[in-house]
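K.L.:
The following comprises the amino acid sequence and a computationally predicted model.
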Amino acid sequence: MENNIKRIGVFTSGGDAQGMNAAVRSVVRTTLDRGAEAYAIYEGYQGMVDGGRNMRPMGWNEVGGILQQGGTIIGSARCAEFRERPGRLRAVANLLTSGIDKLVCIGGDGSLTGAYKLYEEWPGLVEELLQTGVISQEMADAHPSLAVAGIIGSIDNDMYGSDMTTGADTALHRIVEAVDAITSTAASHQRSFVIEVMGRRCGYLALMSALATGADWVLIPEAPPNLDDWEAKMCDVLARGRENGRRDSIVIVAEGAQDRYGSPITSQYVKEVLEERLGEDARITVLGHVQRGGAPSAFDRNLATQLGVRAVEELLADEPGTEPFVMGIQGNKITRTPLATCLQQTQAVAEAVHAGQYERAMELRGRSFRKSFRTLRTLVRALPHDPTPGQRRARIAVLNAGGPAPGMNTAVRAAVRLGTDKGHIMMGINRGFRGLIRGEIKELNWMDVAGLAPRGGSELGTNRTAPEGGEWYAIARNLEEHQVEGILMIGGWTGYKAVYEMHRLRENYPAFQIPMICLPATINNNLLGSELSVGADTALNSIVDAVDKIKQSAVASRRTFVVEVMGHYCGYLALMSALATGAERVYIHEEGVTLKDLVEDVNQLITGFKRGKRVGLMIRNEHANDIYSTDFMRALFEEEGGDLFDVRQAILGHMQQGGNPTPYDRILATRLASDCVEYLEEQILNGRAESAYIGLVGGEFRLTAVEDLPRLMDSERARPKSQWWMDLRPIARTLAQPAPRSRLETHETE
Ligand code: ADP
């Protein structure tokens, strides 16, 4: 080995989690792209202890085509030998033989604990190997310390250091699909179901899936029921739910659920309680390994990809001897946290739960976890709290506007229930601003919104036409007639503009002098004041599913596909789907398309196919360029591709707006709706009339004043002037480029 070439070893360890392959691909390709060498260590620590063929150099193409695969192509294992020093000594000997002193460890807290131990013991183990003559002085001198970057691969989302762990989002997908399916059969037989989800120490999956599916009760380790006879409380709520017209009862139990004395609450026990006390048929479904299976979600692919890139960049930039660290995500920012801190904080939650300090455990889980739990406890109620006598009851109207976005219904349901529970009068406006002009406003009560959480589309109806001229007058009249005191607009650009206009016109129309808040809901993700809008994650996953299938079909016949996706003038869906599917090229309006680009792209395709490539994939935003249309590109590539490959186009169309919302969109919708109701309540009760756009900024909810719209939006193109995801373009480009020539020659035959 040349001394100046750095080597990075990557391995996956412990329980597998979706997205591990995306992380491996990204680590390997980034390493190669930066001129370093990438080694895969197969079968986790077992491969490190056994050495030999378990440690192999990886070429660019060896990690091709794995983004959409679940599991991990380099294998994972649990390894008892590595827990003991002699095992770790062998691991160090093997690492040194392969010249590896930088590791990317992809695994849960067990695996990362092991990696930390290895880092701590490294100098001592190297010394021992030197003393026993296993390695030379020269080798010992060349590798004085071990560098470790951690990527948390865990479906449980149970670790400090990242808002989300790789795999948790996909696991939620699997749970939510299953619970939706069970809900429909449960409803037809009026049955109760107990669904057990993974999470021995962490209730994240149980809590979030309950929030996303509209389940009726949830049991998690961190927040045991605080009554001795919690069984009676649960059965009472379920029974009253039935009386009020609910057709099914779904109880979600985390694997590690317990009562407040630390005794386990098993799904079997819950089933028996339901049968005995409610006298009805109850069934158990233990979801088990289904939660680890299937194709990774778009979020997990893109998260793992970004973490892999940054892990390698940091490892290559660090001075020798730097403390191990974990790459994580906070909001949309990739973060680096010392591994020791992550392990300590994670341990602290476990200890708090163990010691029965549940308040502390919930606190350590973070604000949004606690708040979600509180929100859930309101949403599962059979009926709302009665208004307190003499309470000031606000009259709040909810409407959708813009194109349909999956998650709109979820937000409406949460807003109506949370508002009603606070004693307010909630009203729904049909068909967006069209309905408001015509006075289609009606009161919505608790059961009117039952079953809405999982449903795509917009039950209230939505509309893209913005009000104008005399229509403002009609709107003002209807608001007055229904004594509307606050408006929650859940929708996209049409709604954002309309609320801005109403705010601007408030001097002319006293009825507009009320607080209004906009909850971002559009698949385009093109709104100011929020890094993400409700619906975008669902659309992204629909695109990614479709492209996975298209790619599979293309492999069979040496084909290139030009796939056109929605987004209006915003390239978010195009770029993120390209990142998640490994598309070699993405065309977006923000960047424009030139003839020179197209010529280069044709040449790159030709080179690629000559070198054995079997499928080409170009993703194009619908408005990337009006002249160089999808059909134009198809024809150009087809003509130039000659006999090497043929070209097809796929315009994905309205499937992108449909479908049931993903867990992420449902959770985001619910949490945002909760904050919106609080905002309106606060404004109304204090006699104020400010209006705002709410959104996700840096992992938290923030408000942006309505007046800021012209400053922040490119109104002509209907997209924010600054878009955070544009920074991800180089990653998409680098990782999807054809194998660099030299690497091909090293590790592959053409
Ligand atoms: P996860 O990484 O998913 O939490 P495990 O807890 O099973 O999974 O850990 C995976 C592997 O990491 C173990 O089989 C073992 O080889 C190693 N490991 C775990 N804990 C330690 C530890 N305290 N010391 C050394 N190695 C450990």
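P.N.:
Happy to help now that I have it.
K.L.:
residues in contact with whatever residue of the stretch 51-200 of the chain ends up closest to the ligand?
P.N.:
Residue nearest to the ligand within the stretch 51-200 of the chain (CB to the nearest ligand atom): residue 110, separated by 1.9 Å. In short, each C-beta sits where N, CA and C put it, glycine included. By CB atoms under 8 Å, 6 or more residues apart in numbering, the contact set of residue 110 is 13, 14.
K.L.:
quick one: average pLDDT of the helix or strand harbouring it?
P.N.:
According to DSSP states H and E, residue 110 maps onto helix 109-131. Averaged over helix 109-131, pLDDT sits at 98.
K.L.:
residues of it that come out buried?
P.N.:
Residues 109, 111-116, 118-119, 121-122, 125-126, 128-129 are the ones in helix 109-131 that count as buried (16 or more other CB atoms under 10 Å).
K.L.:
Ok, stretch 343-354 next?
P.N.:
Across stretch 343-354, burial judged by 16+ other CB under 10 Å covers 343, 346, 349, 350, 352, 353.
K.L.:
can you list those residues in a markdown table and add secondary structure?
P.N.:
Conversion of the buried residues of stretch 343-354 to a markdown table gives the following (DSSP: H, G, I helix; E, B strand; the rest coil):
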| residue | secondary structure |
| --- | --- |
| 343 | helix |
| 346 | helix |
| 349 | helix |
| 350 | helix |
| 352 | helix |
| 353 | helix |
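K.L.:
Next, the distance between the ends of stretch 125-142.
P.N.:
By CA to CA, to the nearest Å, the extent of stretch 125-142 from end to end equals 14 Å.
K.L.:
quick one: contacts of it?
P.N.:
Stretch 125-142 is contacted by residues 3, 85, 88, 89, 92, 93, 96, 143, 144 when judged by CB under 8 Å, 6+ apart.
K.L.:
What's the first helix or strand after the helix or strand containing residue 369?
P.N.:
Using DSSP H and E, residue 369 falls within helix 367-379. Sequence order places strand 395-401 as the next helix or strand after helix 367-379, per DSSP H and E.
K.L.:
which bits of this structure sit near the ligand?
P.N.:
Proximity of the chain to the ligand, by CB under 6 Å from any ligand atom, involves residues 13-15, 45, 78-79, 82-83, 107-111, 113-114, 117, 154.
K.L.:
What are the contacting residues of the helix holding residue 369?
P.N.:
204, 207-208, 210-211, 214, 218, 220, 223, 362-363, 413-414, 417-418, 421, 667, 670-671, 674.
K.L.:
which stretches of the stretch 251-400 of the chain form helices?
P.N.:
Assigned by DSSP state H, counting those that start in this stretch, the stretch 251-400 of the chain shows helices spanning 267-278, 298-317, 339-354, 358-365, 367-379.
K.L.:
show me where pLDDT drops low in the stretch 601-750 of the chain?
P.N.:
Across the stretch 601-750 of the chain, the ranges flagged by pLDDT under 70 are 741-750.
K.L.:
Indicate the residue of it located nearest to the ligand.
P.N.:
Per CB to the nearest ligand atom, residue 663 is where the stretch 601-750 of the chain lies closest to the ligand, at 21.6 Å.
K.L.:
where's the dip in pLDDT among the contacts of stretch 125-142?
P.N.:
pLDDT across those is lowest for residue 3, at 56.
K.L.:
Nearest the geometric middle of this structure, what residue?
P.N.:
residue 299 (4.3 Å; CA atoms, centre = their mean).
K.L.:
Need the pLDDT of the closest residue to it other than its chain neighbours.
P.N.:
Nearest residue to residue 299, sequence neighbours excluded (CB to CB, 6 or more residues apart in numbering): residue 169, at 4.4 Å. What the model reports as pLDDT for residue 169 is 97.
K.L.:
hang on, residue 169 packs against residue 300?
P.N.:
Yes. Using CB atoms under 8 Å, residue 169 is in contact with residue 300, at 5.0 Å.
K.L.:
So between the two, which is more surrounded?
P.N.:
Higher neighbour count among residue 169 and residue 300: residue 300, with 31 against 27, using other CB atoms under 10 Å.
K.L.:
Could you check how far the closest residue to the more buried one other than its chain neighbours is from the ligand?
P.N.:
Of all residues not flanking residue 300 in the chain, residue 19 sits nearest, at 3.6 Å (CB to CB, 6+ apart). Note on residue 19: its distance to the ligand, by CB to the nearest ligand atom, to the nearest Å, is 14 Å.
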